[in-house]
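Peer 1: I need the structure of the sequence given here:
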Amino acid sequence: MLETNEILVIAMLISFIGLIFTGFPVAWALAGVSIIFSFIAILGAEWFGWDTYFLSDMRIFGIFVQRVYGQMSNWILVALPMFIFMGLMLERSGVTEKLMTNFIQLFGRFRGGLALGVVLIGILLAASTGIVGASVVLLAMLSMPIMLKEGYNKGFASGVVASAGTLGILIPPSIMLIIMADQMSVSVGNLFMGALIPGLMLGAFYIIYILVAAALNKNLAPAPTDLPPVTGRLIFDTLVATLPPLLLIFTVLGSIFFGFATPTEASGLGAFGAILLALVNGKLTWAVLKDVGRKTTLTTAFIFGIFLGATLFAVVMRQLGGDEFISSALRGLPFGPSGIVLTILFIAFLAGFFLDWLEISLIMLPLVAPVVTALGFDEIWFIVLFAVTLQTSFLTPPVGFSLFYLKGVAPPEVTIIDIYKGVVPFVLLQMLAVFMVFVIPDLVLWLPSRMLQ
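Peer 2: Sure, this is the predicted structure:
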């Protein structure tokens with residue numbers, strides 16, 4: 001029979017999920033549910049003698065203040081606005097437009113070549129921005145009209161753009177990994193190194209699928225017929241267009257991987273480098289700087305609002321004994337250690353249909369990760385495995401954010417049904433990546449072990 005505190009834990013989770021389905025803002029839902037259940041537990045303990053674990057008096061509100069102060073004074077989180085600024089400024093710098101023009105002329109002359117160019121640019125954007133929304137919108141605006149004009153299947157083109165844009169949440173520098181590192185008190189650099197190979201592997205899966213699908217179905221992604229011939233000048237221009245983002249990537253990630261800078265310091269280098277690229281391309285104006293600064297502030301405020309709400313939620317859950325309740329429930333599953341991990345991933349995958357990666361990372365990950373590490377699994381491996389699983393949340397309806405970003409800027413003839421159909425193969429490829437990381441832990445652990453020697 002469930003104890004009183006366990007009933008309150010379950011009621012908290014159900015109340016939060018119920019509020020999400022009503023459209024109530026996530027940050028307010030998290031904070032509001034936390035405060036309401038704090039009062040319920042305190043009054044229940046005082047008036048009815050409930051056993052509410054540690055939550056039995058007003059000291060919980062003092063703990064709220066301490067935890068919020070601790071989160072806001074964490075220097076790791078300074079990297080968040082810097083990387084957001086870097087991504088948004090790079091979007092306005094004109095670098096991507098040059099890349100798209102040259103990649104289309106170089107790769108677009110064979111079946112699936114335009115889609116291949118989109119994925120390659122998506123990988124470069126992922127490694128230099130980490131902003132999924134900006135990547136999806138930019139790729140859609142630059143490539144969707146061209147692919148549809150050349151006769152590409154609407155669903156196929158939609159799936160390519162939406163999935164390529166989501167790579168930024170996994171390939172470093174990733175905002176998701178920074179938040180996960182803060183939540184789990186692990187090294188951001190180790191997470192970045194651990195996620196690099198799985199992220200590039202997923203990009204390779206996309207490329208292989210595009211080439212194979214285009215070869216098997218000639219009507220899926222036909223080859224353009226009006227491109228100029230390949231010349232040495234075209235190859236040179238493509239290399240020159242690729243050099244600035246590659247240099248920015250090496251500056252940011254290289255400084256972290258080789259120990260020259262912390263992730264927070266590297267984020268400052270990246271933001272400064274994005275400003276220089278905009279300046280060199282003649283795109284840096286006061287209006288651009290003001291707009292990027294405003295969007296950076298809004299995005300950061302949105303993330304921190306949810307962050308602080310989740311902090312209160314986690315405090316109340318722990319005071320009610322939620323950690324022990326969930327741990328005992330998972331350990332009681334008759335599946336063995338690997339089966340427990342797969343169960344957690346399956347729950348995270350299902351949650352991605354209804355919740356954003358941010359809520360899942362802030363609420364679910366801190367509760368389940370200690371259980372997994374207690375079973376003998378490496379913490380860095382599990383966090384990256386969890387991150388790869390959460391990447392599917394951007395593509396799974398009904399709340400897949402990449403789908404809505406794409407629909408907002410796609411040509412009017414592209415319907416939401418076209419987008420849903422188009423992302424199905426890429427969701428399956430993401431699940432294949434989860435399976436590969438699960439059965440081959442060295443995909444995550446090899447690079448951190450080499451860099452730390």
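Peer 1: OK, contacts around the residue most central in space within the chain?
Peer 2: The residue lying closest to the centre of the chain (C-alpha atoms, centre = their mean) is residue 169, at 2.9 Å. For residue 169, the set of contacting residues under the criterion of C-beta atoms under 8 Å, 6 or more residues apart in numbering consists of 126, 130, 132, 175-176, 357, 387, 390-391, 394. Backbone N, C-alpha and C define where each C-beta goes, glycine included.
Peer 1: run the last query once more with 7 Å
Peer 2: Taking C-beta atoms under 7 Å, 6 or more residues apart in numbering as the contact definition, residue 169 lies against 132, 176, 357, 391, 394.
Peer 1: tell me which of these is nearest to residue 284?
Peer 2: Within the contacts of residue 169, proximity to residue 284 (C-beta to C-beta) peaks at residue 132, which comes in at 24.2 Å.
Peer 1: isn't the closest one right next to residue 167, touching?
Peer 2: No - with contact taken as C-beta atoms under 7 Å, residue 132 and residue 167 are classed as non-touching, separated by 8.4 Å.
Peer 1: mind checking how far residue 136 is from residue 245?
Peer 2: Separation of residue 136 from residue 245 (C-beta to C-beta, to the nearest Å) stands at 17 Å.
Peer 1: Where does pLDDT dip in this protein?
Peer 2: Residues of the chain meeting the criterion pLDDT under 70: 1, 129-130, 226-227, 398-399, 451-453.
Peer 1: which residue ranges form the helices in the stretch 201-350 of the chain?
Peer 2: Listed in chain order, the helices found in the stretch 201-350 of the chain under DSSP state H, counting those that start in this stretch are 232-249, 255-257, 263-280, 286-319, 322-331, 336-351.
Peer 1: can you give me the angle the third one makes with helix 232-249?
Peer 2: Put plainly, it is helix 263-280. 140 degrees (axes from the mean of the first three to the mean of the last three C-alpha atoms, to 10 degrees).
Peer 1: Looking at residue 136 and residue 245, which one has more neighbours?
Peer 2: residue 136 (28 against 25; other C-beta atoms under 10 Å).
Peer 1: Once you drop chain neighbours, what's closest to that one?
Peer 2: Nearest residue to residue 136 in three dimensions, chain neighbours excluded: residue 165, at 3.3 Å (C-beta to C-beta, 6 or more residues apart in numbering).
Peer 1: and the contacts of residue 169, which of them are in helices?
Peer 2: 132, 176, 357 (DSSP state H).
Peer 1: burial count for the second one?
Peer 2: Residue 176 is flanked by 22 other residues according to other C-beta under 10 Å.
Peer 1: contacting residues around it?
Peer 2: Applying C-beta under 7 Å, 6+ apart, the residues near residue 176 are 169, 357, 361, 387.
Peer 1: same thing but 10 Å
Peer 2: Contact analysis of residue 176 by C-beta atoms under 10 Å, 6 or more residues apart in numbering lists 130, 132, 168-170, 191, 195, 357-358, 360-361, 386-387, 390-391.
Peer 1: cool, and residue 142?
Peer 2: Contacts here follow C-beta under 10 Å, 6+ apart; on that basis residue 142 touches 96-97, 99-101, 104, 117-118, 121, 161.
Peer 1: where's it relative to residue 171, distance?
Peer 2: Here the distance between residue 142 and residue 171 works out to 19 Å (C-beta to C-beta).
Peer 1: So which of the contacts of residue 142 wins on neighbours?
Peer 2: residue 161 (33 neighbours).
Peer 1: That residue and residue 175, how far apart?
Peer 2: Taking C-beta to C-beta as the measure, residue 161 and residue 175 are separated by 20 Å.
Peer 1: shared neighbours of residue 132 and residue 167, anything?
Peer 2: In the contact map built from C-beta under 10 Å, 6+ apart, the residues linked to both residue 132 and residue 167 are 125-126, 174, 391, 394.
Peer 1: Including distance to residue 27 and neighbour count, could those go into TSV?
Peer 2: Compiled in TSV, those are given as follows (distance: C-beta to C-beta, whole Å; neighbours: other C-beta atoms under 10 Å):
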residue	distance to residue 27	neighbour count
125	28	29
126	26	29
174	21	29
391	23	27
394	20	29
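Peer 1: Tell me which of the residues you listed fall in strands.
Peer 2: When the shared contacts of residue 132 and residue 167 are checked against strands (DSSP state E), there are no matches.
Peer 1: just those residues now: which is nearest residue 77?
Peer 2: Proximity to residue 77 was ranked across the shared contacts of residue 132 and residue 167 by C-beta to C-beta; first place goes to residue 174, at 14.0 Å.
Peer 1: shouldn't the closest one be in contact with residue 198?
Peer 2: No - the criterion here is C-beta atoms under 10 Å, and residue 174 misses it with residue 198 at 11.3 Å.
Peer 1: Which one, of the helices of the stretch 201-350 of the chain, ends up nearest to residue 76?
Peer 2: Residue 76 sits nearest to helix 263-280 of all those, at 6.4 Å, using C-beta to C-beta.
Peer 1: What residues sit buried inside that closest one?
Peer 2: 263-271, 273-275, 277-278 (16 or more other C-beta atoms under 10 Å).
Peer 1: can you check stretch 426-435 too?
Peer 2: When burial is assessed from 16+ other C-beta under 10 Å, stretch 426-435 yields the following buried residues: 426-427, 429-430, 433-434.
Peer 1: Same question for stretch 328-340.
Peer 2: Of the residues in stretch 328-340, those buried by neighbour count under the rule 16+ other C-beta under 10 Å are 330, 340.
Peer 1: what's in contact with it?
Peer 2: 6, 321, 341-344, 347, 367-368, 371-372, 374-377, 438-439.
Peer 1: distance between the ends of it?
Peer 2: 12 Å (C-alpha to C-alpha, to the nearest Å).
Peer 1: before we move on, back to that, quick one: which of the helices of the stretch 201-350 of the chain is nearest residue 25?
Peer 2: Distances from residue 25 to each of those were compared by C-beta to C-beta, and the smallest falls on helix 286-319, at 8.1 Å.
Peer 1: And that closest one, how far out from the chain middle?
Peer 2: Relative to the chain's own centre, helix 286-319 is displaced by 15 Å; criterion: C-alpha atoms, centre = their mean, to the nearest Å.
Peer 1: Could you do stretch 150-169 as well?
Peer 2: Going by C-alpha atoms, centre = their mean, the spacing between the C-alpha centre of stretch 150-169 and its chain's C-alpha centre is 17 Å.
Peer 1: in it, what's buried?
Peer 2: Neighbour counts over stretch 150-169 (16+ other C-beta under 10 Å) mark 150, 152-169 as buried.
Peer 1: Flag every buried residue along stretch 56-68.
Peer 2: The neighbour-count check on stretch 56-68 (16+ other C-beta under 10 Å) flags 56, 60, 63-64 as buried.
Peer 1: I'd like to know which of the contacts of residue 169 is nearest to residue 71.
Peer 2: Nearest to residue 71 among those: residue 176, at 16.6 Å, using C-beta to C-beta.
Peer 1: Kindly provide the distance from the closest one to residue 170.
Peer 2: As it turns out, when the distance is counted by C-beta to C-beta, residue 176 lies 7 Å from residue 170.
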